[in-house]
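In: Pasting the sequence and the predicted model now:
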Amino acid sequence: MTCKRPHSPVGRVLMITGAVCLLLIGVEAGEVHRYRSALQTSERTFRRMESRVSESSASGGEGKARRLPGENGGPGRDYRKLIRSRNGADLAGWIRVPGTGISYPVMYVKGNDTKYLHRDFYGKASPEGVPFLEGRSDPCRTGNLMIYGHHMRSGAVFGRLEEYFGSRAGRRRHPALWFDRIHRDGSSTREYYRVCCSFFADTRKQPCYLDYSGIYTRSGMKRYLRLVGAGKMPASSRTLTLSTCAYHIPRPYGRFAVVFVRKE
């Protein structure tokens, strides 16, 4: 009969260390799985919302959802079903950039930039959040609609904004954006925008483009266009800016933004 030799102190330390490492790996794997599941759930929520919009459009006697027109002022889709949903009163618009997969609701809460930072449309926790208008803006009056969205590694929301618009060739491939401006009764007016410019920014430097989320005068628009490198555009222009995080400088100061100009 043989007796097992007791583990040395070093051996016990190694065993405990190994067990702790395995436990941490298991916990991290579980967190990654939950994070990915949450992302998939968020994207399914957005696509279900879009489906409801299409269905409501079809139910209006059109036979099918409207195709995106190239002019302004035309009727957009019917958002009444979403307006009647929880938090539907915060729904200010819907953006679509053909050829990119960017098709998302845009929320707006006056004076509040954090409500939809990590919540979905229905108020549940979400790593993607929902794109939203800067809280200091007035979506009906401001000359520059500043829309924020997360830079998701999965590519969702504005995760591929830099890929699509970071070069002149990319801007030529994806020149158009449609914004459905949603009214309180759930009807909408479609606005057509063309890409103007894109840029990286360091929010520590002044002046910063983020300070121009609410522009109500031609002089303010002229300063904004000059700041973002579009000074040749007329001061009467109306713009829409998509803004997301960028990692060309240490967090949380880096931003990437794309400016679109409304075409009348």
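Out: That came in fine, so what should we check first?
In: all helices of the stretch 101-250 of the chain, in order?
Out: Applying DSSP state H, counting those that start in this stretch to the stretch 101-250 of the chain gives helices spanning 161-165, 168-173, 218-227.
In: For those, give me a markdown table that also has distance to Gly93, mean neighbour count and mean pLDDT.
Out: No exception for glycine: its C-beta is placed from N, CA and C like everyone else's. Output for these, formatted as a markdown table (distance: least, CB to CB, whole Å; neighbours: other CB atoms under 10 Å; pLDDT from 0 to 100):
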| stretch | distance to Gly93 | mean neighbour count | mean pLDDT |
| --- | --- | --- | --- |
| helix 161-165 | 17 | 20 | 96 |
| helix 168-173 | 22 | 12 | 96 |
| helix 218-227 | 20 | 17 | 96 |
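In: could I get these as JSON lines with distance to Cys196?
Out: Output for the helices of the stretch 101-250 of the chain, formatted as JSON lines (distance: least, CB to CB, whole Å):
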{"stretch": "helix 161-165", "distance to Cys196": "10"}
{"stretch": "helix 168-173", "distance to Cys196": "9"}
{"stretch": "helix 218-227", "distance to Cys196": "8"}
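In: Out of the ones you listed, flag the one nearest Gly111.
Out: With CB to CB as the measure, helix 218-227 is the member of the helices of the stretch 101-250 of the chain nearest Gly111 (19.6 Å).
In: Report the distance from that closest one to the chain centre.
Out: Here helix 218-227 is found 24 Å from its chain centre; the criterion is CA atoms, centre = their mean, to the nearest Å.
In: what's in contact with it?
Out: 143-144, 207, 209, 212, 215, 231, 233, 235-237, 239 (CB atoms under 8 Å, 6 or more residues apart in numbering).
In: Pull out the buried residues from those residues.
Out: 143-144, 209, 212, 215, 233, 235, 237, 239 (16 or more other CB atoms under 10 Å).
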